[in-house]
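Trainee: Show me the folded form of this:
(one chain, ligands or ions: 1)
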Amino acid sequence: MYDYDFFVIGAGSGGVRASRMASTYGAKVGLCEDYRVGGTCVIRGCVPKKLFVYASEFSGHFKDSGGFGWQQAEHGFDWPTLKANKDKEISRLEGLYGNTLDSHKVEVIKARGKLLDAHTIELKSEDGTRTVTADKVLIATGAWPSMPNLPGIEHAISSNEAFELETLPKRITVVGGGYIAVEFAGIFNGLGADTSLLYRGEEILRGFDLEIRSKLREEMIKKGVDVRINTNVTGIRKEGDEFILKLTDGNEMVTDLVMYATGRTANTSNIGLEELGVKMKQNGEIIVDEYYKSNVENIFAVGDVTGGMQLTPIAIKEGAALTATQFNDSPTFVNYDHIPTAIFSQPPIGTVGLSEEDAQEKYGDDLKVFRSEYKSMKYTLAGRDERSLIKMLVDGKTDKVIGAHMIGPDSAEIIQGIAIALKCGATKAQFDDTVAVHPSSAEEFVLMK
Ligand code: NDP
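Mentor: Here you go, the predicted model:
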């Protein structure tokens, strides 16, 4: 009766996983995307960001190598080479995503999708406009950088444009204190730009463990980033090739590029949701139940478009759970406990479970805090002035580990394994009973007294 059993709008992490899983379960699936297959994560998010982080870390590695006997040479950095190689890699990955969808018999349509009614989707592309029908529809349109409305904001770029810069400006100012702001400040600084980070609050990375947040700011400053807290921008003006930022403290600062990383809002406008009466929060995020169903019986949503933790693995898990529920007769929902996350700042942060502040509120006097601050072995010979910090939070009553946080080299890699232990309900005694991997940073997690 319908053209498709399942039609997905948006080929990002959630949409791609859901469409290919639904097809595996026997559904006839269509997927539309008006930009590139892969979505934010692959095209202008996690993947190119991590490539840029790797690139920017070399300046530190080159310096470190002197202490290990490597003769120091001049190392020039060429942004166009990095950008071209990044573009090539992203195109390769986009191709792989396309191949996977093809091999799973998902029909990919390059068009912008809009709901005309609960079962009809308008598809608009350069080739014209047509409509298709579907039994069930998934909105997986993700989120988009949002910027405050202030005079001259049109001069600012977002992370989207940062990936496409033709040259690397000499002075760069990043506004915001979240994931994207600290990650990009580290990238620009490592690549040699004079980098400033302006954050409106008391401490960057609101919501994370306070000690870890302060440690990051301290280390970023040591690396040369001009981090200014309690500072915001009230206006931007362009003078020649420069931008003048008017700051809340009354001062002005001059820069060559302003990048805003002040959050991302759900992509829900102009896709027919209001007309259909799909319930959304005030900020446009689609309201769904635990099976990702909206208030309209056959319309579903997963990933950033529903708010929550805007993380790729979450969107993927939600897409998989939704399709198992709808097409495999096995109601599945995602357990949002113990979600690990990494911030690819420099140094990087890995974290899972409660921050000390949240744990204190929940467990009060029962909370036990274990911490270890140390210099990474590699940095002793390197002569690098950087220290790592590991924290473990334990419920004294049950001995269960309720939070683990790390800032230092390899923390993203290490926290993944720790997250499994927390998910299994590991106790501090079990951590202590685990034999250390020596010499490593990870062993600190089993040696904390
Ligand atoms: P975040 O929500 O992490 O941070 C937004 C930052 O902007 C906060 O510091 C916030 O301050 C500040 N801010 C908000 N509004 C204003 C304003 N009007 N003026 C000045 N500052 C403002 O958003 P991001 O854009 O950094 O990232 C979006 C999401 O993408 C993240 O939440 C994360 O889920 C995801 N992401 C994940 C990554 C990873 O897993 N490594 C990497 C990159 C992104 P305040 O704290 O005071 O509200």
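
Trainee: Which stretches in the stretch 301-449 of the chain count as strands?
Mentor: Here the stretch 301-449 of the chain has its strands, by DSSP state E, counting those that start in this stretch, at 341-343, 349-353, 367-374, 388-395, 401-407.

Trainee: Looking at those, spot the one closest to S158.
Mentor: Closest to S158 of the strands of the stretch 301-449 of the chain, according to Cβ to Cβ: strand 341-343, at 18.2 Å. Quick note: C-beta positions are derived from backbone N, CA and C, even for glycine.

Trainee: how about that closest one, does it reach the ligand?
Mentor: Yes - shown here: strand 341-343 in contact with the ligand (Cβ under 6 Å from any ligand atom) through T341, A342, I343.

Trainee: neighbouring strands for that strand, and are they parallel or not?
Mentor: Strand 341-343 pairs in its sheet with strand 349-353 (antiparallel), by DSSP bridges.

Trainee: With mean neighbour count and mean pLDDT added, can I get the strands of the stretch 301-449 of the chain in JSON lines?
Mentor: Putting these into JSON lines (neighbours: other Cβ atoms under 10 Å; pLDDT from 0 to 100) gives the following:
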{"stretch": "strand 341-343", "mean neighbour count": "21", "mean pLDDT": "98"}
{"stretch": "strand 349-353", "mean neighbour count": "25", "mean pLDDT": "98"}
{"stretch": "strand 367-374", "mean neighbour count": "16", "mean pLDDT": "97"}
{"stretch": "strand 388-395", "mean neighbour count": "23", "mean pLDDT": "98"}
{"stretch": "strand 401-407", "mean neighbour count": "26", "mean pLDDT": "98"}
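
Trainee: Serialize these to CSV and add fields for distance to D249.
Mentor: Listed next are the strands of the stretch 301-449 of the chain as CSV, based on distance: least, Cβ to Cβ, whole Å:
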stretch, distance to D249
strand 341-343, 27
strand 349-353, 28
strand 367-374, 32
strand 388-395, 30
strand 401-407, 28
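
Trainee: V42 reaches E94, doesn't it?
Mentor: Yes - counting by Cβ atoms under 8 Å, E94 is a contact partner of V42 at 6.5 Å.

Trainee: These two: which is more packed in?
Mentor: Shown here are V42 and E94; by other Cβ atoms under 10 Å, V42 has more neighbours (23 against 16).

Trainee: hang on, the more buried one in a helix?
Mentor: Yes - counting by DSSP: H, G, I helix; E, B strand; the rest coil, V42 falls inside a helix.

Trainee: returning to that earlier point: and the residues of strand 341-343 next to the ligand, which is closest to L150?
Mentor: The closest of the residues of strand 341-343 next to the ligand, once distances to L150 are taken by Cβ to Cβ, is I343, at 26.4 Å.

Trainee: Beta-bridge partners for the nearest residue to that closest one once chain neighbours are set aside, please?
Mentor: Of all residues not flanking I343 in the chain, I349 sits nearest, at 4.3 Å (Cβ to Cβ, 6 or more residues apart in numbering). On the basis of DSSP bridges, I349 takes part in beta bridges with I343, I407.

Trainee: now do the one 4 residues further on
Mentor: Note on G353: beta-bridge partners G403, judged by DSSP bridges.

Trainee: what's the following helix or strand after whichever strand in the chain runs longest?
Mentor: For the chain, the strand with the greatest residue count under DSSP state E is strand 128-139. For strand 128-139, the succeeding helix or strand toward the C-terminus, using DSSP states H and E, is strand 143-145.

Trainee: tell me what that following strand is packed against?
Mentor: Applying 3 or more Cβ pairs under 8 Å, 6 or more residues apart in numbering; DSSP states H and E, one finds that strand 143-145 contacts strand 264-266.

Trainee: who does the strand it packs on pair up with?
Mentor: Counting by DSSP bridges, strand 264-266 is paired with strand 143-145 (antiparallel).

Trainee: Pull up the gap between G235 and S146, please.
Mentor: Distance of G235 to S146, computed by Cβ to Cβ, to the nearest Å: 18 Å.

Trainee: Give the bridge partners for T265, please.
Mentor: Counting by DSSP bridges, T265 forms beta bridges with W144.

Trainee: Report the secondary structure state of G60.
Mentor: Here G60 is helix, with the state taken from three-state DSSP.

Trainee: before we move on, what about the one 4 residues further on?
Mentor: Per three-state DSSP, the secondary structure class of D64 is helix.

Trainee: Now do it, the pLDDT please.
Mentor: Looking at D64, its pLDDT stands at 97.

Trainee: isn't it right up against Y379?
Mentor: Yes - using Cβ under 8 Å as the test, D64 is close enough to Y379 to be in contact (7.2 Å).

Trainee: Please list the residues of the chain that sit near the ligand.
Mentor: Residues of the chain found near the ligand (Cβ under 6 Å from any ligand atom) are 148, 175-181, 183, 199-201, 206, 232, 261-264, 309-311, 341-344.

Trainee: Mind checking which of the residues you listed are buried?
Mentor: Neighbour-count burial (16 or more other Cβ atoms under 10 Å) applied to these gives 175-181, 183, 199-200, 232, 261-264, 310-311, 341-344.

Trainee: Mind checking which of those residues are in helices?
Mentor: Taking DSSP state H, the ones among those that sit in helices are Y179, I180, A181, E183.

Trainee: closest to E74 among these?
Mentor: E183 (27.5 Å).

Trainee: neighbours of D433, just the number please.
Mentor: The local packing of D433 (other Cβ under 10 Å) involves 10 other residues.

Trainee: mind checking pLDDT for it?
Mentor: At D433, the pLDDT value in this model is 98.

Trainee: could you check the distance from it over to C424?
Mentor: 14 Å.

Trainee: Show residues contacting stretch 420-430.
Mentor: Here stretch 420-430 makes contact (Cβ atoms under 8 Å, 6 or more residues apart in numbering) with 337-338, 352-353, 368, 370, 392, 394, 398-402, 404, 431.

Trainee: can you pull the contacts of whichever residue of the stretch 1-150 of the chain sits closest to the ligand?
Mentor: Residue nearest to the ligand within the stretch 1-150 of the chain: P148 (3.4 Å; Cβ to the nearest ligand atom). If you count contacts by Cβ under 8 Å, 6+ apart, P148 has them with Y260, T262.
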